[in-house]
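Participant: no sequence for this one, just the structure:
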């Protein structure tokens, strides 16, 4: 039938079909984006998180970005794609880009002793061979360097030289070589501090300037800063687990923990990390990105990872070879006090996600979003569990210890697969409540833990400590006795019992 021969009846029929199609589309399964628009605000409220920012990557392109909640409840400033967050250890991924850029420029050899590039500081002598500490091993946390984390400091204070941190003059302890390089995995920010120093020694430039000109500018990342940004008002306000605002701190150890960036910029870096996008990035070649995303020998992650099976480590990326139905999964998480973020990619499909939050409870929101994304991207993937102390903290804020105990029992009965009910969850919650001054409430939490884990000696040790603080010496003695019975090597429990219940003469 030609267009000229269409009658009014024909046109009405076509319109009816089109209308039916629109109705069918309206009743189709919701898109991931619309699902997140419903799901994320609920998660923010459930877990007492002020705000979150989420970006989706499909086919190697950033296709969607959305801010939820507020950067600061005090002024109701909304989260947007341009709100700035500290992203904690995702700083290491960006730093790895800078290091590998030096390799691409033939200014650094991944397998040459890193000490050969250093002048202001050298790896202290030890029983181990410092010549085996290389950039490759530093990038993959297999260098044997001692473990160091960084807590941030007053932003009014100037940044000390890197060598002060490495020498232990900034309160974090001196960096040492404590294991055979290459023999195993030990996550440490100090690895990246050494790499930061190497970048400065090789280029003759401050680390911040090198990263800005050689990585961020070519990628079009206009809002990213190692250190606090010039306009601090663009940053979200971080919040603790009890939804109290925290100061915005400066992280002197920039390469390990100091990156401040926006959702727009971090999504750009994440998409550029796909080897298929290397020609567009103008920074690293596809072969370099592929190398960064291959697990290094002896790089198995040893700590619990809340977002999936324990990964291995590449060069600046966590690597899970069979995470997504036989597809490789890569990414990195970032945690600083008041901040939680995550990037994740499936290089085979070009799918990815970026999630940023301004709360110490943000990992629960991230797990919630990540579950929906994984099912949408590949289907059939187990969802990450949420630390049960996070909803319990939120419930405690609303109704006290009794309602938190009731919620725990409900979640244990009805949603056991969705939460991590490990022994440390309630113990950590109990001590947080003690620090708030609610000792009777903490006793209830520790007692709940003892009821749930009657064979764990440390649970009874903590319960006894809280009971003693509450003035219930008789109950404390019974708890400490149980702790020592379960673990005869508990010297602390023995000493407390000796003081509280001395043997009869």
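Facilitator: Everything's here; your move. Predicted model only: the values in this text are computed from it and were never measured.
Participant: burial count for the nearest residue to residue 324 once chain neighbours are set aside?
Facilitator: Counting by CB to CB, 6 or more residues apart in numbering, residue 324 lies nearest to residue 378, which is 4.6 Å off, once chain neighbours are set aside. Heads up, the C-betas are built off the backbone N, CA and C, glycines and all. Residue 378 has 18 neighbours, counted by other CB atoms under 10 Å.
Participant: check what pLDDT residue 378 gets.
Facilitator: Predicted confidence (pLDDT) for residue 378: 76.
Participant: from residue 351, how far off is it?
Facilitator: 8 Å (CB to CB, to the nearest Å).
Participant: go on, residue 178?
Facilitator: Relative to residue 351, and taking CB to CB, residue 178 is found at 39 Å.
Participant: ok, those two, which is more surrounded?
Facilitator: Neighbour comparison, residue 178 and residue 351: the larger count goes to residue 351, with 23 against 15 (by other CB under 10 Å).
Participant: so residue 93, which state does it fall into?
Facilitator: Following DSSP: H, G, I helix; E, B strand; the rest coil, residue 93 is assigned to helix.
Participant: okay, it: pLDDT?
Facilitator: For residue 93, pLDDT reads 98.
Participant: ok, it touching residue 316?
Facilitator: Yes - between residue 93 and residue 316 a contact is recorded at 4.6 Å, counting by CB atoms under 8 Å.
Participant: skip the chain neighbours and tell me the closest residue to residue 242.
Facilitator: That would be residue 397: by CB to CB, 6+ apart, it lies 6.1 Å from residue 242.
Participant: likewise residue 107?
Facilitator: Residue 107's closest residue in space is residue 202 (CB to CB, 6+ apart), at 5.3 Å.
Participant: what's near enough to touch that neighbour?
Facilitator: By CB atoms under 8 Å, 6 or more residues apart in numbering, the contact list for residue 202 reads 102, 107-108, 117.
Participant: rewinding a little: between residue 93 and residue 316, what contacts are shared?
Facilitator: residue 332.
Participant: wait, isn't residue 74 in contact with residue 245?
Facilitator: Yes - counting by CB under 8 Å, residue 74 touches residue 245, with 7.5 Å between them.
Participant: so after the helix or strand where residue 260 lies, what's the next helix or strand?
Facilitator: Counting by DSSP states H and E, the element that carries residue 260 is strand 259-262. Helices and strands here follow DSSP H and E; after strand 259-262, the next one along the chain is helix 263-272.
Participant: which stretches in the stretch 151-300 of the chain count as strands?
Facilitator: Secondary structure of the stretch 151-300 of the chain (DSSP state E, counting those that start in this stretch): strands at 225-226, 259-262.
Participant: next: the stretch 351-500 of the chain.
Facilitator: Using DSSP E, counting those that start in this stretch, strands in the stretch 351-500 of the chain cover 351-357, 386-387, 419-420.
Participant: residue 109 sits in which helix or strand?
Facilitator: For residue 109, there is no enclosing helix or strand under DSSP H and E.
Participant: any stretches of the stretch 251-400 of the chain with poor pLDDT?
Facilitator: Along the stretch 251-400 of the chain, the parts satisfying pLDDT under 70 run over 279-281, 303-309, 322-323, 325, 380-381.
Participant: pLDDT score assigned to the residue nearest to residue 37 when sequence neighbours are not counted?
Facilitator: Once flanking residues are discounted, residue 37 sits nearest to residue 66: 7.2 Å by CB to CB, 6+ apart. On the pLDDT scale, residue 66 is placed at 98.
Participant: if we can go back for a sec, out of the contacts of residue 202, list just those in helices.
Facilitator: Using DSSP state H, the members of these that fall in helices are residue 102.
Participant: just the buried ones among the contacts of residue 202, please.
Facilitator: Those of the contacts of residue 202 that meet the buried threshold are 102, 108, 117, by 16 or more other CB atoms under 10 Å.
Participant: looking at it, the second one is touching residue 203, isn't it?
Facilitator: No - using CB under 8 Å, residue 108 makes no contact with residue 203, being 9.9 Å away.
Participant: what do those two both touch?
Facilitator: By CB under 8 Å, 6+ apart, the residues touching both residue 108 and residue 203 are residue 102.
Participant: domain assignment for this structure?
Facilitator: According to automatic domain parsing, the chain comprises the domains 38-377, 386-500.
Participant: right, and the helix or strand after the host helix or strand of residue 43?
Facilitator: Assigned by DSSP H and E, residue 43 belongs to helix 32-46. Tracing the chain C-terminally past helix 32-46 and defining elements by DSSP H and E, one meets strand 51-58 next.
Participant: so how far is that next one off the chain centroid?
Facilitator: 15 Å (CA atoms, centre = their mean, to the nearest Å).
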